[in-house]
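Fold the following and give me the result.
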Amino acid sequence: EAEVKRWPASLAGFPLGQWTAVARRFYARGDMDADRIAQLEKLGMIWSHYDIAWEEGLSAARGWAAEHGHLLAPLDATHQGAKVGIWLKNARAAARKAAEIEQRRTEGLPVQSSAGALSEERREQLEEIDPSWCPIWPVEWQRAFHLTRQHLNEGGALPTEPGGAVRQGEDLGRWVKAVRLGWDQLSTVQRWMCQHILGIEPATEDEKPRSRTSQAEKWAMHLAAARQFHEREGHLTVPRKHIETITVDGVGGASGDGCENQEQRELKLGAWVSNQRSRAATLTPERIEQLSAIGMRWT
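Predicted coordinates:
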């Protein structure tokens with residue numbers, strides 16, 4: 001019995017590595033008989049190291065999803081030492097490439113290479129774990145959506161302010177608030193999901209923060225302040241530290257015509273006039289004319 005288990009002397013120095021490499025090449029070309037394939041697979045033959053890496057990554061992804069309830073892992077996510085987040089990022093890139101190739105074929109365009117594209121079989125393996133594993137919008141958005149839905153399903157109230165609910169490191173209240181304020185930037189599908197699944201409504205005009213004042217609006221406000229100063233004082237020799245208060249409407253433009261949502265703005269008119277004088281060479285002829293009309297001294 002011991003003699004049977006011992007390697008035959010004829011196999012001493014046999015180039016097994018080279019023989020295995022040749023077998024893999026025959027297998028890859030489809031030139032190997034089915035019985036030989038079965039014999040080698042019975043011995044645990046690894047036809048492709050890429051396949052093994054995929055199976056290991058898939059196993060880690062299953063473990064991470066079982067623990068967290070989804071497959072929308074952040075980039076730094078790991079499971080038993082495996083870098084699940086990076087592995088999923090690469091899988092999504094491969095899925096997007098496969099979709100692009102399919103789109104080109106549908107349009108009748110040439111496809112140079114399918115290398116790096118995710119196969120349909122592998123995509124189905126991931127979809128079995130989590131159908132939303134590869135959204136067309138950012139993964140971070142989908143993860144927050146999933147966690148918010150999970151929070152609601154467990155009886156929690158919809159968080160609307162930062163710090164209201166935090167799950168798996170995600171501030172759900174901050175996300176909900178960002179969704180409501182950025183409603184116009186969402187796709188039609190995202191809006192439907194938020195409204196009909198989570199019960200999120202877009203922010204009202206009163207809730208939206210005031211838009212930032214553009215450079216053109218700032219110029220208009222300061223010019224109005226300069227005119228106001230000139231009408232009151234009869235000149236535009238403004239002290240450097242002078243602050244002029246004017247009334248503007250809610251959009252940021254100069255007002256004075258009885259518009260609603262008016263507010264008072266304090267403008268550093270003295271510094272502004274001095275700056276315009278020093279930048280005269282870069283001002284447009286129109287702006288120079290506007291300032292000259294109210295007594296601007298350029299020298």
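
Okay, residue 57 and residue 103: tell me how far apart.
Residue 57 is 26 Å from residue 103, where distance means CB to CB, to the nearest Å. (Each C-beta comes from the backbone N, C-alpha and C, glycine too.)

for this structure, which helix is longest?
Ranked by number of residues, the top helix in the chain under DSSP state H is helix 84-106.

mean confidence score for that one?
Averaged across helix 84-106, pLDDT comes to 93.

For residue 57 and residue 103, indicate the residue with more neighbours.
residue 57 (19 against 11; other CB atoms under 10 Å).

Do I have it right that residue 248 meets residue 221?
Yes. Using CB atoms under 8 Å, residue 248 makes contact with residue 221 at a distance of 6.2 Å.

in the longest helix of the chain, what counts as buried?
Residues 84-85, 87-89, 91-92, 94-95, 97-98, 101 are the ones in helix 84-106 that count as buried (16 or more other CB atoms under 10 Å).

now do stretch 106-122
Result for stretch 106-122 [16+ other CB under 10 Å]: buried residues 117-118, 122.

ok, of those residues, which one's closest to residue 136?
residue 118 (14.9 Å; CB to CB).

can you pull the pLDDT of the closest one?
For residue 118, the predicted pLDDT is 92.

can you list the buried residues of helix 84-106 in a markdown table and add distance to residue 291?
Shown next, in a markdown table, are the buried residues of helix 84-106 (distance: CB to CB, whole Å):
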| residue | distance to residue 291 |
| --- | --- |
| 84 | 63 |
| 85 | 57 |
| 87 | 62 |
| 88 | 59 |
| 89 | 55 |
| 91 | 61 |
| 92 | 56 |
| 94 | 60 |
| 95 | 59 |
| 97 | 58 |
| 98 | 61 |
| 101 | 60 |
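
show me where the stretch 51-200 of the chain has strands.
166-167, 170-171 (DSSP state E, counting those that start in this stretch).

Could you dump the buried residues of stretch 106-122 into TSV with distance to residue 204 added?
Conversion of these to TSV gives the following (distance: CB to CB, whole Å):
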residue	distance to residue 204
117	45
118	43
122	45
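
Among these, which lie within helices?
Short answer: these in helices (DSSP H) are residue 122.

Outside of stretch 171-182 itself, list whatever touches it.
141, 144-145, 147-148, 151, 158-166, 186, 194, 198, 200-203, 207-209 (CB atoms under 8 Å, 6 or more residues apart in numbering).

6 Å instead, please
144, 148, 159-165, 194, 200, 202-203 (CB atoms under 6 Å, 6 or more residues apart in numbering).

Filter the residues you listed down to the buried ones and hand me the ChimeraX line.
In ChimeraX, this line selects whichever of the contacts of stretch 171-182 come out buried by 16+ other CB under 10 Å:
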select :144,148,159,164,165,194,200,202,203
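
where does the stretch 151-299 of the chain have low pLDDT?
Residues of the stretch 151-299 of the chain meeting the criterion pLDDT under 70: 211, 250-261.

er, the stretch 1-150 of the chain I mean
Scanning the stretch 1-150 of the chain for pLDDT under 70 picks out 1-7.

at 80 what do you get?
Low-confidence segments of the stretch 1-150 of the chain (pLDDT under 80): 1-13, 46, 48-49.

What is the burial count for the nearest residue to residue 127 once chain neighbours are set aside?
Counting by CB to CB, 6 or more residues apart in numbering, residue 127 lies nearest to residue 133, which is 6.7 Å off, once chain neighbours are set aside. Residues near residue 133, counting by other CB under 10 Å, number 22.

okay but residue 133 is in contact with residue 73, surely?
No. Residue 133 lies out of contact with residue 73 (CB atoms under 6 Å); the separation is 9.2 Å.

before we move on, the earlier item: from the contacts of stretch 171-182, which ones fall inside helices?
Mapping those onto helices (DSSP H) picks out 144, 148.

Check which helices and strands the longest helix of the chain sits against.
Applying 3 or more CB pairs under 6 Å, 6 or more residues apart in numbering; DSSP states H and E, one finds that helix 84-106 makes contact with helix 49-68.

give me that answer again for 8 Å
Contact partners of helix 84-106 among helices and strands, from 3 or more CB pairs under 8 Å, 6 or more residues apart in numbering; DSSP states H and E: helix 49-68, helix 120-129.
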